[in-house]
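K.L.:
just to be clear, the model below is a prediction. Sequence and coordinates:
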Amino acid sequence: GVAGVADAVQRERRRTASRAAAPGSLLAVDLLVEGVWAAVAAALASPDMSGLFDLGDASAAHRAFAATRGFLGGLAAVAGGGDAAVAAHAKKRLLACPRTKALEEKWNLPVYFELVRGDLVKRVDDAFAAATSDDAYVLIGSSDALAAPSDLAEGLIGAVARCWAPDVVLAPVADKFLGLAYELARKGAAGFAARLERGPERPGVDALAQLALDVTAFAAHLRAALPVGFEVALDLALRDADAVAAGLDDALADADALLERIWASVETAVVNACADHARAVKGVNARYHLTGKPAPTEPSAYVADAAAPLEAFDARWAAALDPERARPWRSACTARAAEAYETLALDALDHAAKFEEVMAKRGNADSLRADSRKIALQLRLDLAAFDDATGCGAAALSKASAAAEGVLARGGEGG
């Protein structure tokens, strides 16, 4: 039986180690390859076994090929008799055998690869097609929902991971599967980029943050799993595994660049959300002009709203998107939001000055100056409150603060 092959080979090797083979002798014959494996290979290649090579079912074809390779590995291990080096040499002889090559060609592995490739490309396309709108794509159950990769990201990761799955990849076409993994990585990045391009002119913070989280998760998972996956599946040397990782970095270059674009859009969306609320500063003028209201003693309600988008993004998304706090998004957004708010505050003071100038011609100078001081006092309170809420720093609002103080210096603060 097969179990006795190892002992027979070893005995024959010791017995003939010091003798040259006589003409016609069987001493030079590889009994493992020409004896045991030749009979098995012939049986597998017989017409009765033709269904073994049917590619109508790619999974069945993979199982048949893998089982044959597994048999060769087991046969080599038996022949090695516990000696790993002998077993490895035996496996090389078996794989190099012309009968093995002829048998494996019957599976037409390039066609098998194309079948799998078509399925995985379709899975990627279907994942993007299923996420056709922001409502279907962005996972916003409630304002306190935990940030997590979307179903789209999970689907893409799962599709690419099939390239090195043990029940998919085969050693003779491993280079093709590695190339497919790189292809799908680029395809995923392109699909994410298309979502950004097709989005609204001013996408919401949550939609952009979800997109950034998905691209981050997609790239991070591939970098962590792909090199190891192919290393395990193909028993790669360390140098080859490093080359695989370097190739993946190149394949993910578009995803890395896209992530920077998304982050820039995220920052702009946060700033826009702050500015949208800060525009309520225009109502300060209407609150005091010719209304007789007393001088303010506390900040306006809109200030808290104007600072809220910063806190909301930080609370919901920042930990997931930037767990190491490596990105200066907070300082960048705060500085830009302060700049936008300061411009609006200066406009409010300028409008108050112009209104006072026009109305002074009608004899209301004293009351209008008092109203202008109330407006300036309100803005002084609001600017300080915005600084406290955002941490932007007094210097970021220095122009508006100086303008308000200039108005107040013209007469008593309360008027």
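P.N.:
Happy to help now that I have it.
K.L.:
what about the closest residue to A280 other than its chain neighbours, how many neighbours?
P.N.:
Distance criterion CB to CB, 6 or more residues apart in numbering; nearest residue to A280, sequence neighbours excluded, is Y302 at 3.5 Å. In this view, the C-beta of every residue, glycine as well, is placed from N, C-alpha and C. Close neighbours of Y302, defined as other CB atoms under 10 Å, add up to 19.
K.L.:
any idea how far Y302 is from V358?
P.N.:
For Y302, the distance to V358 (CB to CB, to the nearest Å) stands at 26 Å.
K.L.:
same check on L258?
P.N.:
52 Å.
K.L.:
before we move on, back to that, touching, the residue nearest to A280 and G283? I think so.
P.N.:
Yes. With contact taken as CB atoms under 8 Å, Y302 and G283 are classed as touching, separated by 7.4 Å.
K.L.:
thinking again about what came up before, neighbour count winner among L258 and V358?
P.N.:
Neighbours were counted for L258 and for V358 using other CB under 10 Å; L258 has more, 21 against 11.
K.L.:
just checking, what's the longest helix in this structure?
P.N.:
helix 329-360 (DSSP state H).
K.L.:
next SSE after it?
P.N.:
helix 365-390 (DSSP states H and E).
K.L.:
helices and strands around that next one, which ones?
P.N.:
If you count contacts as 3 or more CB pairs under 8 Å, 6 or more residues apart in numbering; DSSP states H and E, helix 365-390 packs onto helix 282-288, helix 302-313, helix 329-360, helix 398-408.
K.L.:
so which of those helices comes closest to K187?
P.N.:
Smallest distance to K187 across the helices and strands packed on helix 365-390 (CB to CB): 28.3 Å, for helix 329-360.
K.L.:
for the closest one, which positions count as buried?
P.N.:
Using 16 or more other CB atoms under 10 Å as the test for burial, helix 329-360 gives 329-330, 332-342, 344-346, 348-349, 352-353, 355-356, 359.
K.L.:
quick one: pLDDT of the residue nearest to A280?
P.N.:
For Y302, the model assigns a pLDDT of 97.
K.L.:
measure it to A278 for me?
P.N.:
7 Å.
K.L.:
now swap in A85 and tell me
P.N.:
Per CB to CB, A85 is found 75 Å from A278.
K.L.:
and for S150?
P.N.:
Distance, S150 to A278, by CB to CB: 31 Å.
K.L.:
between the two, which one's more packed in?
P.N.:
A278 (25 against 19).
K.L.:
and what about that one, helix, strand or coil?
P.N.:
Per DSSP: H, G, I helix; E, B strand; the rest coil, the local secondary structure of A278 is helix.
K.L.:
what about it, distance to V303?
P.N.:
8 Å.
K.L.:
give the residues shared as contacts by the two.
P.N.:
Contact criterion CB atoms under 8 Å, 6 or more residues apart in numbering; residues shared by A278 and V303: F386.
K.L.:
report the contact partners of the nearest residue to A320 once chain neighbours are set aside.
P.N.:
With CB to CB, 6+ apart as the criterion, A320 has its nearest non-adjacent residue at 3.9 Å, and that residue is A147. By CB under 8 Å, 6+ apart, the contact list for A147 reads A209, Q210, L213, R316, W317, A319, A320, L321.
K.L.:
between the residues you listed, which is closest to G188?
P.N.:
Nearest to G188 out of the contacts of A147 is L213 (CB to CB; 14.1 Å).
K.L.:
so what's the closest one up against?
P.N.:
A147, A148, P149, S150, A153, W317, A320, L321.
K.L.:
what about the second one, which helix or strand?
P.N.:
What that stands for is A148. For A148, there is no helix or strand it lies in under DSSP H and E.
K.L.:
that'll do, ta.
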